[in-house]
Structures are given as structure tokens and as C-alpha cells.
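Chemist: Requesting a structural model of the entry that follows:
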Amino acid sequence: MPELLQQTGEGGHAGAADGDHVDVEGQGFEEGVWGVLRCFYPRGDRGRFCRSSMNSLTRRPPSPHGPAGGHPTRAAYCRSASRGVRLMLLPKTRGIPTISALVLSALVLGAVPASAKPQAVVVEPVKDFEVVAKGEHLKHAFEIRNEGDEVLEITEVRPSCGCTVAKFDQKIAPGKSGFVIADVDTASLDGVIAKSVAVFTNDADNAKLQLTVKADVRPYIAVDPGYARFSYVQGEPTGTISETIYAPDGSDIEILEVKVPYDHIRVSHRVAGEEERDARGSGKQWKVDIEILPDAPVGPLRDHVEVIVDHPKQKKVLIPISGFVRPRQHVTPQEIDFGQVKSSDLPLVKGFTLTSFTTKGIDPPEVESSIKGLDIQVRKTGTTGHRYQVILQMTRDMPKGEFADVLRIRTSDEKSPVIEVPLRGVVL
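Modeler: As a prediction, the model looks like this:
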């Protein structure tokens, strides 16, 4: 028969009592599990059970004033000494001496943790891919094991520059494993690299975990100069930047496809002529011509031209595109606000700068306004016709009240003949 121990009373002490022996199976006990131990709990109010021997239970009849002995029924969940185990069942092995109640109690209470918590363990914190071809994606699933007894939560993941996290498991059950999947794109990297991922958890002892991807990135495709930078003015003659592409190992490569990020960038490729070849390469070489178009919109250029090749160790090459597309003329500031002006403070002067980015510049512009009492003067800065100061003076003839207008600047540039500048203010 199984050995049984019951902890009773407020202090959880076991005591002997008189009464009938109780058959465990016949009394309708419910079974629960705690760790490697099995707990048995009596269904309903069956009075107070105390240990009378290691082979049987003694039942004290229920008190008419409540549970036997006047003690309330203890919580039966096996978690801590303050919520003690009511009945603990251990298998009785033939030939092994009976364990005393004191030793068994120490075993039970000593096995109960003070408080449950998660424990994060990284199985492999560093993944070294060793030598890889430039352009490869280094993808690795870092395993994080929860060796605690509460759910491990990954609250945040911060990859370093050049590394991304495709996905990660936010919650990891006790005894289970989760994964943080890191992805490093080597297209813009060279040489020995180490990209890290910081993982933040609810494990107080391991609140921050460090994961690292290492590699030695080596290019199998050479590109010269390897970048295209434009400083372009709308409508001006376009420029072309030519790149030479070849395999340093002497392989005869083919260009399979060229992907262009902008509609206003045109890219073409052809086999390099004898006079265009790079002397450092011996195999088949290519010229990739990158051209910006006249209708390119104003703004920055920040992207890559992607060249797909058939080299067995490197399948693509990224050529960075950078720079800026400027307007033909530009006004600073782009609107004029006089604000609220007392008539006693007149005259008042404000102004703006007109800059021409065109090659030859412009003649002195004409500035038109319909506001009465506003005097306008244009002053040339320098001798090339690329910069002018426009002076606006509110004279004493300006009527009181709010005013608003659009200044029209007429230039000698056929491609940008009129520039408009908003103007407003109030005369008090």
C-alpha cells in the first residue's frame, strides 16, 4: 500500500489521532501532480485526516463546530509551506525501509521553490559563418531555452546596423525552446564582420541576451568605381556614370538582369571594349552605364542598382546611387510672413534670396505684387547671375488690415519662367 503523509494545522505539523482507518481509494480522493510527486486531496468535507502510521490514514470525525480541531481546511495546492501539501503519496518500494515523517516532510518542503521564475539560456550565442560571398543573406535561428518554471517572455529585440530580425517567439513555456531568427545582408559589407542582436527578457537574472552573427565577407565580383553619385539640376544636360564589372578569379560571367530603383534613372549594360577593360581582370568584363533623366524630381537619391550575374559564388552586385536633384531656381525662405505690424512701426523691411542653379544663371528678375504700399527692389549678389536679393518694404502708405498676395518672379529661364512666393501679414 502506498505510504501517506498529511500536513495539518496552521503550522503544517502532522499529528496522530484516533479513529477509523481510511481506505485511500474508497474515500473518493482526487489526485493531482506537483513535480515528481503525486498529491491526493479528499473530495468535500471528510473531516480532519492525520497520520497514524506510514501505511494507513486515521480519520478524526468532523467537529459540529466546523472542521475537526477547529482548524480551517488548508489549501491543497502544492506550492509553498504556507499553502502546505494536504496528502502526499510516494510509491512504496519493496525492500526499502520506511522513510520517517520528518525526512519526508523535509523532502517535500525543501523541493518547493520560494518563487517561480523563468530562466533564459541561449544554446548558441555566437554563429560564425566563416567565409561567405558578398551579397549572401546570413540567416540563423538562435535557440533560447526556458529552464525556469514560469513563462519566459521576450519583450524586445534590437538588431544592430546591417542586421534584421525576421521573427522571434515572444513567449516560451517552461522546459521549452523558442527562436530568434536573425538575417544579415552582406551586399554592402566587406571583410570580417560581427553583427549583434540584443534580446530583452523578463528573466531578472538574464534581462539582456546578446546574439552575434560573424562572417568573413569576400567579394567574387569586382565593381569599379562601385558607386554612382549625382549632383543634378533639373533640365540640365544629363550625365552618365559608367561601372566596370568583372570576376577577379578570371571567370567569364554573364549579366542576367539589372534592377533599377527609380523611373528617372536609366541603366544599360554591354560587354566592355578593349580600351574599356580593367587591367586587373582577365575574364569577360562588362560596362554598366547609369544615367539620370532630365525629368528627375527634386529630392535626394538613396538606393541601389542591383545587377544579377551567373557567378557560382556571388549572384548579385549592389551599386549604390546617391546624390541630390536640385530645382533650376530656388527661393529662401519659400514664403514671406510679416506677421502683425503696427502702423507706427512702418516702414518695415523683409526680404528673400533667389538662387539659380542653372549653368549660365539668369538675368535680374522682375517681381510683381498687387499690394498697395509695398515697395520691391532686386539686388544682384555677385557677378554671375546666380543669386539675387529681393527687398520688400512695407511703406507708411499700406492700409490697415490683413493682406495676402502671391509674388510672381519672372525670370529669363525658358524652362522656369515664373516662380511664385506667398506673402501675407496684418497692419494694425
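
Chemist: what's the first-to-last distance across stretch 296-315?
Modeler: Distance between the two ends of stretch 296-315: 30 Å, counting by CA to CA, to the nearest Å.

Chemist: can you give me how far that stretch is from the chain middle?
Modeler: Relative to the mean C-alpha coordinate of its chain, stretch 296-315 is positioned 24 Å out (CA atoms, centre = their mean, to the nearest Å).

Chemist: pLDDT of that stretch, averaged?
Modeler: Rounded to a whole number, the mean pLDDT of stretch 296-315 is 93.

Chemist: Quick check: buried residues in it?
Modeler: 296, 301, 304, 305, 306, 307, 309, 311, 313, 314, 315 (16 or more other CB atoms under 10 Å). All C-beta atoms are positioned from the backbone trio N, CA, C, and that covers glycine.

Chemist: Kindly report the same for stretch 154-173.
Modeler: Within stretch 154-173, the residues that count as buried by 16+ other CB under 10 Å are 154, 157, 159, 163, 165, 168, 169, 172.

Chemist: Tell me how far it lies from the chain's centre.
Modeler: For stretch 154-173, the distance from its own C-alpha centre to the chain's C-alpha centre is 7 Å (CA atoms, centre = their mean).

Chemist: Send me it as CSV with only the CA atoms.
Modeler: The C-alpha atoms that make up stretch 154-173 are tabulated as CSV, following Å, rounded to 0.1, in the frame of the first residue of the first chain:
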residue,chain,number,x,y,z
ILE,A,154,10.9,38.2,-25.0
THR,A,155,9.9,41.8,-24.6
GLU,A,156,12.1,43.5,-27.2
VAL,A,157,14.6,42.6,-29.9
ARG,A,158,17.2,45.2,-31.1
PRO,A,159,19.3,44.3,-34.1
SER,A,160,22.5,46.3,-34.8
CYS,A,161,23.0,48.1,-38.1
GLY,A,162,23.2,45.8,-41.1
CYS,A,163,21.2,43.1,-39.3
THR,A,164,17.4,42.5,-39.2
VAL,A,165,15.3,40.1,-37.2
ALA,A,166,12.8,38.2,-39.3
LYS,A,167,10.8,37.0,-36.4
PHE,A,168,11.0,35.7,-32.8
ASP,A,169,8.9,33.8,-30.3
GLN,A,170,7.5,36.2,-27.7
LYS,A,171,6.6,33.6,-25.1
ILE,A,172,8.4,30.4,-24.2
ALA,A,173,6.8,27.9,-21.9
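
Chemist: what does it contact?
Modeler: Contacts of stretch 154-173 with the rest of the structure, by CB atoms under 8 Å, 6 or more residues apart in numbering, involve 118, 139, 144-146, 151-153, 178-185, 188-189, 193, 195-202, 213.

Chemist: hang on, the earlier thing: looking at the buried residues of stretch 296-315, spot the one nearest residue 385.
Modeler: residue 296 (24.0 Å; CB to CB).

Chemist: On the three-state scheme, that closest one is what?
Modeler: Classification of residue 296 into helix, strand or coil gives coil, according to DSSP: H, G, I helix; E, B strand; the rest coil.

Chemist: tell me the contacts of it?
Modeler: For residue 296, counting by CB under 8 Å, 6+ apart, the contacting residues are 232, 234, 262, 264, 265, 325.

Chemist: buried sites along stretch 357-370?
Modeler: Within stretch 357-370, the residues that qualify as buried are 357, 358, 361, 362, 365, 367, 369, counting by 16+ other CB under 10 Å.

Chemist: Check the offset of it from the chain's centre.
Modeler: Relative to the mean C-alpha coordinate of its chain, stretch 357-370 is positioned 48 Å out (CA atoms, centre = their mean).

Chemist: Keeping just the C-alphas, turn that stretch into PDB.
Modeler: Once non-C-alpha atoms are left out, stretch 357-370 reads as follows in PDB (Å, rounded to 0.1, in the frame of the first residue of the first chain):
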ATOM      1  CA  PHE A 357      21.300  76.500 -60.100                       C
ATOM      2  CA  THR A 358      21.400  76.600 -63.900                       C
ATOM      3  CA  THR A 359      24.700  76.600 -65.700                       C
ATOM      4  CA  LYS A 360      24.500  80.100 -67.100                       C
ATOM      5  CA  GLY A 361      22.300  81.800 -64.400                       C
ATOM      6  CA  ILE A 362      19.500  84.300 -65.100                       C
ATOM      7  CA  ASP A 363      19.100  88.000 -65.800                       C
ATOM      8  CA  PRO A 364      17.800  90.200 -63.000                       C
ATOM      9  CA  PRO A 365      14.200  89.100 -62.400                       C
ATOM     10  CA  GLU A 366      11.000  91.200 -62.300                       C
ATOM     11  CA  VAL A 367       8.900  90.800 -59.100                       C
ATOM     12  CA  GLU A 368       5.200  91.600 -59.300                       C
ATOM     13  CA  SER A 369       2.700  92.300 -56.400                       C
ATOM     14  CA  SER A 370      -0.800  93.700 -56.200                       C
END
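
Chemist: Pretty sure residue 137 sits against residue 185.
Modeler: Yes. Contact between residue 137 and residue 185 holds when scored by CB atoms under 8 Å: they sit 5.6 Å apart.

Chemist: the helices in the chain, which residues?
Modeler: Taking DSSP state H as the criterion, the chain contains helices spanning 101-111.

Chemist: Ranking helices and strands of it by mean pLDDT, which lands last?
Modeler: For the chain, scoring each helix and strand by mean pLDDT, DSSP states H and E identifies strand 48-51 as the least confident one, at a mean of 34.

Chemist: ok so, going back, CSV for the buried residues of stretch 357-370, including pLDDT?
Modeler: Conversion of the buried residues of stretch 357-370 to CSV gives the following (pLDDT from 0 to 100):
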residue, pLDDT
357, 95
358, 94
361, 93
362, 94
365, 94
367, 94
369, 92
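
Chemist: Which ones among those map onto strands?
Modeler: Here DSSP state E is the test, and the buried residues of stretch 357-370 give residue 367 as lying in strands.

Chemist: So which residues of the stretch 251-400 of the chain form strands?
Modeler: Listed from the start of the chain, the stretch 251-400 of the chain has strands (DSSP state E, counting those that start in this stretch) covering 255-259, 265-271, 286-292, 299-309, 316-326, 329-332, 336-341, 348-356, 366-368, 374-380, 387-394.

Chemist: Walk me through which strands the fourth one pairs with, and which way each runs.
Modeler: According to DSSP bridges, the neighbouring strands of strand 299-309, each with its direction, are strand 255-259 (antiparallel), strand 316-326 (antiparallel).

Chemist: which stretch among these comes nearest residue 342?
Modeler: For the strands paired with strand 299-309, the distance to residue 342 is smallest for strand 316-326, at 39.8 Å, taking CB to CB.
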